[in-house]
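Trainee: turn this into a structure:
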Amino acid sequence: MDKLKKQARYEMHKYWGKKPPEQLKSLLDEYSKEGDIVLDPFAGYGVFIGEAFINKRNAIANDLNPAACFIQKQLLVSEIDIEELANIASNIIHSLENVDKFWNTISCPLCNEDAKIIVTLRHNNNNPTKCKIKCSCTKRMIEHQLSNTEISKLLKKEKEEIIPEHPVSSIMHNSRISAKKNMNTDDLFTIRTLSMHISLLNKINELEDKVYRDLLLLAFTANLANCSRLVPPIKSRGDMAPGTWMTGFYVGETYLENSVLHYFKNRVVKLISGKKDFLKQLNDNSIKKSDYQASSIAEIKKNKLNYLLNNADTKKLPYPNNSIDYIFTDPPYGDSVPYFEQSIIWNTWLNLSVDYTNEVVISDSKERNKKSQSFSEDMELCISEIYRVLKINKYFSITFHSISGAEWYAILNGCLKNNFILHKMEWLTQKTFTPRQLNRTKTVKGDMLITFKKGKNKNKHILLSKEETESLIIKITEKLLHSNNLADTNTIYMALLQEFFSEHLIIENINIINILTNNFSINEAGLWYI
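Mentor: Residues are numbered from 1 along each chain as shown. This is a model prediction of the structure:
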């Protein structure tokens with residue numbers, strides 16, 4: 001397959017789990033036609049819905065996370081003037097230059113003139129040590145070791161700063177994502193970046209036009225983590241080599257404090273590039289630019305092309321029976337990403353209310369009752385709703401990644417108990433792998449894509465005991481390894497799931513990797529053998 005390209009329309013925000021748009025378009029072409037109503041009940045950033053809409057499907061995006069819904073709305077909005085958006089952003093940036101100068105000006109070590117601080121290396125006690133600066137005397141970035149006087153000057157400014165009223169939330173304690181006890185969203189920032197973020201937020205919120213205000217809030221929220229204490233240096237490349245925030249709230253021994261206004265400019269560039277890309281797609285597909293947002297499925301059916309955005313619990317979808325022509329979804333992968341807990345950095349600053357109770361997730365937070373059993377029960381309810389709203393003889397595709405037997409159990413049994421019929425299974429190519437996938441030998445690489453058909457008749461299930469489940473896993477793996485001598489985890493999982501789905505086997509909740517480890521060997525290349 002050709003190298004998958006990034007599309008600017010899907011790079012406007014840092015929300016996780018974006019799937020390759022080229023492959024989503026292929027699914028739309030295979031399982032739907034122009035004018036069909038298609039749904040993603042865990043829509044996230046909205047890549048599937050974006051592809052659906054620009055390819056002339058009536059697109060429904062649903063996500064219980066309000067941050068995701070906010071992003072989807074900005075992706076799909078088309079009643080804008082790009083030049084006006086750029087001018088508004090430029091005016092806001094210009095209005096904050098004096099505030100930025102107060103916080104991020106330093107004497108250039110080459111010419112002694114004022115220079116701009118772009119990034120500062122700080123210890124986790126918040127003491128700065130080095131910075132990179134830009135000065136008109138050279139085109140190169142200058143790395144500068146801060147003097148004691150310069151350090152004291154910055155710390156004095158921060159100590160004296162009176163922080164204005166602003167959004168702040170407590171963060172749920174969860175050691176798995178380094179969310180400490182009594183931590184709040186302010187703890188993710190230095191005084192300098194917190195003050196600059198507040199100044200920027202207030203300027204954006206002064207805008208009267210809600211469309212442009214929300215678009216710039218998209219750029220603002222995309223910039224938050226990038227200008228927080230969560231950006232690590234890649235020490236193997238140097239103590240100021242920029243890393244990136246992936247997930248969690250871990251603050252290392254040192255971190256990079258990026259200039260808020262400088263990096264906000266970069267996010268505005270990505271925003272404008274993304275909106276240009278989206279509007280070009282509408283134009284290239286002869287979709288007339290107008291406000292297409294519908295308020296219900298009934299309204300969608302009256303018009304030729306619409307999109308509908310919902311912030312509903314997938315366990316209780318607000319759509320009629322047999323009303324959807326095709327469903328694609330990329331549901332939560334168990335405990336892989338506790339989306340709502342990590343989205344607090346965005347939901348807080350947007351003043352959005354979050355329904356943590358109904359999130360479908362496995363969380364290590366003791367404040368939540370979100371274990372594997374409740375995840376399985378919730379997924380079964382979600383899949384039941386997906387089955388209910390899908391039309392008979394239409395298709396449902398789900399993509400999933402997990403090494404946990406509990407999470408596969410939830411997906412497998414949820415689909416079988418709700419009478420879906422297996423149509424096709426394949427591996428979905430990814431542009432990048434998560435650190436967990438890259439660093440573990442005993443894991444699957446990429447996401448499995450499984451497509452089901454909704455038939456008229458109920459499935460006849462076979463319930464397996466724990467012993468029967470374990471015995472079948474060993475038998476299928478032995479047969480595979482006797483034929484091939486070696487097999488990677490992906491190949492084994494494919495063989496197992498093909499058997500479970502095609503034979504309608506309801507398995508017990510067990511850890512597949514543990515069974516493989518106890519009965520087979522694996523080499524350094526990640527290949528299993530007898």
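
Trainee: lowest-confidence helix or strand of the protein?
Mentor: helix 435-439 (a mean of 43; mean pLDDT, DSSP states H and E).

Trainee: gap between stretch 368-388 and the chain center?
Mentor: Its chain's C-alpha centre and that of stretch 368-388 lie 20 Å apart, by C-alpha atoms, centre = their mean, to the nearest Å.

Trainee: let me redo that: stretch 303-316
Mentor: With C-alpha atoms, centre = their mean, you get 19 Å for stretch 303-316.

Trainee: try stretch 143-158
Mentor: When distances are taken as C-alpha atoms, centre = their mean, stretch 143-158 is centred 36 Å away from the chain's centroid.

Trainee: give the buried residues for that stretch.
Mentor: 144, 146, 150, 154, 158 (16 or more other C-beta atoms under 10 Å). From N, CA and C alone the C-beta is placed, and that goes for glycine too.

Trainee: restricted to strands, list these.
Mentor: His144 (DSSP state E).

Trainee: and which of the buried residues of stretch 143-158 is nearest to Ser236?
Mentor: The shortest approach to Ser236 among the buried residues of stretch 143-158 belongs to His144, at 22.2 Å (C-beta to C-beta).

Trainee: show me what that closest one bridges to in the sheet.
Mentor: Per DSSP bridges, the residues bridged to His144 are Cys131.

Trainee: reformat the buried residues of stretch 143-158 as JSON lines; add distance to Ser343.
Mentor: Shown next, in JSON lines, are these (distance: C-beta to C-beta, whole Å):
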{"residue": "His144", "distance to Ser343": "36"}
{"residue": "Leu146", "distance to Ser343": "34"}
{"residue": "Glu150", "distance to Ser343": "36"}
{"residue": "Leu154", "distance to Ser343": "31"}
{"residue": "Glu158", "distance to Ser343": "27"}
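
Trainee: and the buried residues of stretch 143-158, which two are the farthest apart?
Mentor: Farthest pair in the buried residues of stretch 143-158, by C-beta to C-beta: His144 and Glu158, 18.8 Å.

Trainee: and the buried residues of stretch 143-158 as a markdown table, adding distance to Ile512 and pLDDT?
Mentor: What follows is the buried residues of stretch 143-158, written out as a markdown table (distance: C-beta to C-beta, whole Å; pLDDT from 0 to 100):
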| residue | distance to Ile512 | pLDDT |
| --- | --- | --- |
| His144 | 53 | 96 |
| Leu146 | 52 | 97 |
| Glu150 | 56 | 97 |
| Leu154 | 52 | 97 |
| Glu158 | 51 | 97 |
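
Trainee: with adjacent residues omitted, what lies nearest to His13?
Mentor: Ala222 (4.5 Å; C-beta to C-beta, 6 or more residues apart in numbering).

Trainee: again, but for Asn202
Mentor: Asn202 sits nearest to Pro164 (C-beta to C-beta, 6+ apart), 7.6 Å away.

Trainee: and if you look at Thr105?
Mentor: Asp114 (5.2 Å).

Trainee: number of nearby residues for that neighbour?
Mentor: 13 (other C-beta atoms under 10 Å).

Trainee: which residues sit against the top helix by length along the chain?
Mentor: The longest helix of the chain (DSSP state H) is helix 260-284. Contacts of helix 260-284 with the rest of the structure, by C-beta atoms under 8 Å, 6 or more residues apart in numbering, involve 7-12, 50, 54, 75-76, 78, 80, 82, 85-86, 89, 93, 96-97, 100, 104, 116, 118, 193, 196-197, 200, 215-216, 218-220, 222-223, 226-227, 288-289.

Trainee: run the last query once more with 6 Å
Mentor: By C-beta atoms under 6 Å, 6 or more residues apart in numbering, the residues outside helix 260-284 that reach it are 8-9, 11-12, 54, 82, 86, 89, 96, 100, 118, 193, 196-197, 219, 222-223, 226-227, 289.

Trainee: for it, buried residues please.
Mentor: 260-264, 267-268, 270-272, 274-275, 277-279, 281-282.

Trainee: in the stretch 201-350 of the chain, which spans are helices?
Mentor: 210-224, 260-284, 297-302, 339-342, 344-347 (DSSP state H, counting those that start in this stretch).

Trainee: likewise the stretch 51-200 of the chain?
Mentor: Using DSSP H, counting those that start in this stretch, helices in the stretch 51-200 of the chain cover 66-76, 82-95, 97-104, 148-160, 191-205.

Trainee: for Lys371, find the nearest of the ones you listed.
Mentor: Ranking the helices of the stretch 51-200 of the chain by proximity to Lys371 (C-beta to C-beta) places helix 66-76 first, at 23.5 Å.

Trainee: restricting to C-alpha, output that closest one in CSV.
Mentor: What follows is helix 66-76, C-alpha atoms only, in CSV (Å, rounded to 0.1, in the frame of the first residue of the first chain):
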residue,chain,number,x,y,z
PRO,A,66,-18.0,17.1,24.9
ALA,A,67,-14.4,17.9,23.7
ALA,A,68,-14.8,15.5,20.8
CYS,A,69,-18.1,17.0,19.9
PHE,A,70,-16.6,20.5,19.9
ILE,A,71,-13.8,19.3,17.6
GLN,A,72,-16.2,17.6,15.2
LYS,A,73,-18.3,20.8,14.9
GLN,A,74,-15.2,22.9,14.0
LEU,A,75,-14.1,20.3,11.5
LEU,A,76,-17.5,20.3,9.7
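
Trainee: quick one, it and helix 210-224 angle?
Mentor: Angle, helix 66-76 to helix 210-224, by axes from the mean of the first three to the mean of the last three C-alpha atoms, to 10 degrees: 120 degrees.

Trainee: domain ranges for the chain?
Mentor: When the chain is parsed with automatic domain parsing, its domains come out as 8-76+291-459, 82-273, 460-530.

Trainee: so which of the ones you listed is the most packed in?
Mentor: Between the domains of the chain, domain 8-76+291-459 has the highest mean count of neighbours, a mean of 20, where neighbours are mean count of other C-beta atoms under 10 Å.
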